[in-house]
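>>> Dropping a prediction and its sequence here:
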Amino acid sequence: MWVRKRIDIGWSDIAFGIAKSLWSDRRADIQQRIEQQWSHDNEALACLSVRTGFDLLLKVLQLPPNSEVLMSAVTIGGMVRIVEKHGLTPIPIDLDMERLAPKIDAFRDAITPATKAIVVAHLFGSRVPMQPIIEIARQHNLLVIEDCAQAFTGDGYEGHPESDVAMFSFGAIKTSTALGGAVLSVRDSNILAKMRQVYEDYPVLSRFAYFRRLLKYAVIKEISTRWFLGAVAQVSRWLGRDHDGLANRVARGFAGPRFFEKIRQQPSAPMLAVLERRIRLFDQHRLDLRAARGRLLVEFLNGSVVRPGADAEEHTHWVFPILADEPRRLMEKLWLAGFDATQGQSHCVIEPPDGREELAASEAQKWIAKTVFLPFTTDMPVESLQRMAEVVREECPRPVVPLVDSDSQTVDSHPGKNQPSTVAQQ
């Protein structure tokens, strides 16, 4: 069975991390090198995770209680939890799911005097054109935060030049993973200085904790083979269990209780050392190969299914989602054919607060409920990609249910289509 996603880290990187767990440079020295490498303008902060950095940012900003934070409706549950922890109200902004971009009209309709910030998530390996959103934010004096956790491309993109903060993740299932770590680009030097000051008081994750993490993912990497996963899936079926849930739990970054205690830590020296190495030795060829394989799979599907992000301007196919009228049925068919498809469990659709039900993200809710993520790795042979596409075409004819509101306006790169031609694109 082809695994849903391979961990994007080499054995030499894991061995390097294990060695650095025994001995490494001073944490402060490594962190300084990472931040200087990331930004020549001294705008970077290396931390434990994107959730760590986002929580730290909101702690420093000290926005008034019940301030509203407009957020891409599809996000990670932990991000919503962090907003609420700081006494703020998350407001969903529905998405044009074919572009994975927030709807411009939805932004305008959601802004109130209580609105203080906008959080835009770049989803599934795509990148949202930020200029239209930034123009709206500047009109209303709103902070713009880019969540780039799923969109690192190693091409020097540090977020849009006019965004206030951009957050990049190197967690376990991310591109060029360091099995932890994140880098934030923070434009305001005063905010960045305050974040550093607060962060210095956080406890440091132990070397041993990172050593155990390296061993855990070394084992996962070793057993992430077709025959082993196929055996696990078969045994699970015999026992009447669901291997999909087990796989999702294993990959979860901050599982279990004590969420805020876990994210409010600094990375250890060995984690920073691996992070520095992964950024410095980023493999652009591997990313290009992944993007090319994604385009090839699109060709094999031949328009037979609806794909979230099909019309995204930039897409590296970090994951490969499609829509199915019967997601569970399609997943089971793919499992039997040897492809470990999943609906995932990490993404959620933000619910609107009481009294603002008109802001419900109806399009995002319809799509996410029907989304299936196909197994997609760079080492899958072309023949396997073609066979997987055949199974999808046979079992999942293109959905016919209406998914897009005809009167919605979206971020669109095509002049004259659903947007004023005066809106500039990044």
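Yep, it's here.

>>> which residues touch residue 386?
residue 300 (CB atoms under 8 Å, 6 or more residues apart in numbering). Bear in mind the C-beta positions are built from the backbone N, C-alpha and C, glycine included.

>>> in stretch 151-162, what's buried?
The neighbour-count check on stretch 151-162 (16 or more other CB atoms under 10 Å) flags 151-154, 157-160 as buried.

>>> right, and the pair among those residues with maximum separation?
Among the buried residues of stretch 151-162, the pair separated by the greatest distance (CB to CB) is 154 and 160, at 17.2 Å.

>>> So which residue is dead centre in this structure?
residue 150 (3.1 Å; CA atoms, centre = their mean).

>>> rewinding a little: can you redo the buried residues of stretch 151-162 as a markdown table with secondary structure, distance to residue 344 and pLDDT?
As requested, these are exported to a markdown table (DSSP: H, G, I helix; E, B strand; the rest coil; distance: CB to CB, whole Å; pLDDT from 0 to 100):
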| residue | secondary structure | distance to residue 344 | pLDDT |
| --- | --- | --- | --- |
| 151 | coil | 17 | 94 |
| 152 | coil | 19 | 95 |
| 153 | coil | 22 | 94 |
| 154 | coil | 24 | 91 |
| 157 | coil | 25 | 92 |
| 158 | coil | 28 | 91 |
| 159 | coil | 25 | 93 |
| 160 | coil | 27 | 95 |
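
>>> Closest to residue 370 out of the residues you listed?
residue 151 (23.0 Å).

>>> Excluding covalently adjacent residues, which one is nearest to the closest one?
residue 122 (3.7 Å; CB to CB, 6 or more residues apart in numbering).

>>> Just confirm that neighbour contacts residue 147, I think it does.
Yes: Residue 122 is within contact range of residue 147, at 6.8 Å (criterion: CB atoms under 8 Å).

>>> before we move on, back to that, could you verify that the residue nearest to the centre of the chain is part of a strand?
No: Residue 150 sits outside any strand when classified using DSSP: H, G, I helix; E, B strand; the rest coil, being coil.

>>> does it really touch residue 100, like I thought?
No: Residue 150 lies out of contact with residue 100 (CB under 8 Å); the separation is 9.9 Å.

>>> any common contacting residues for the two?
122-124.

>>> ok, the residue nearest to the centre of the chain to residue 336 distance?
29 Å (CB to CB, to the nearest Å).

>>> and what of residue 368?
Taking CB to CB as the measure, residue 368 and residue 336 are separated by 25 Å.

>>> tally of neighbours for residue 113?
8 (other CB atoms under 10 Å).

>>> I meant residue 85, not that one.
Residue 85 has 13 neighbouring residues, counting by other CB under 10 Å.

>>> Next: residue 5.
For residue 5, using other CB under 10 Å, the count is 18.

>>> Residue 368 and residue 336: who's more crowded?
The neighbour count for residue 368 versus residue 336, taken as other CB under 10 Å, is higher for residue 368 (21 against 12).

>>> and the residue nearest to residue 151, what does it touch?
Going by CB under 8 Å, 6+ apart, residue 122 touches 100, 128, 146-148, 150-151.

>>> Could you check how far it is from residue 207?
Taken as CB to CB, the span from residue 122 to residue 207 is 32 Å.

>>> do residue 323 as well
Relative to residue 207, residue 323 is positioned 44 Å away (CB to CB).

>>> and residue 182, what are its bridge partners?
With DSSP bridges as the criterion, residue 182 is bridged to residue 47, residue 169.

>>> That one is in contact with residue 56, isn't it?
No: shown here, residue 182 and residue 56 do not form a contact pair, counting by CB under 8 Å, at 10.5 Å.

>>> what's the closest non-adjacent residue to residue 133?
Residue 133 sits nearest to residue 120 (CB to CB, 6+ apart), 6.0 Å away.

>>> Can you get me a residue count around the one you found?
Counted with other CB under 10 Å, residues neighbouring residue 120 total 28.

>>> again with residue 7
Neighbours of residue 7 (other CB under 10 Å): 18.

>>> ok, now which ones touch it?
172-173, 177, 217, 220-221, 224.
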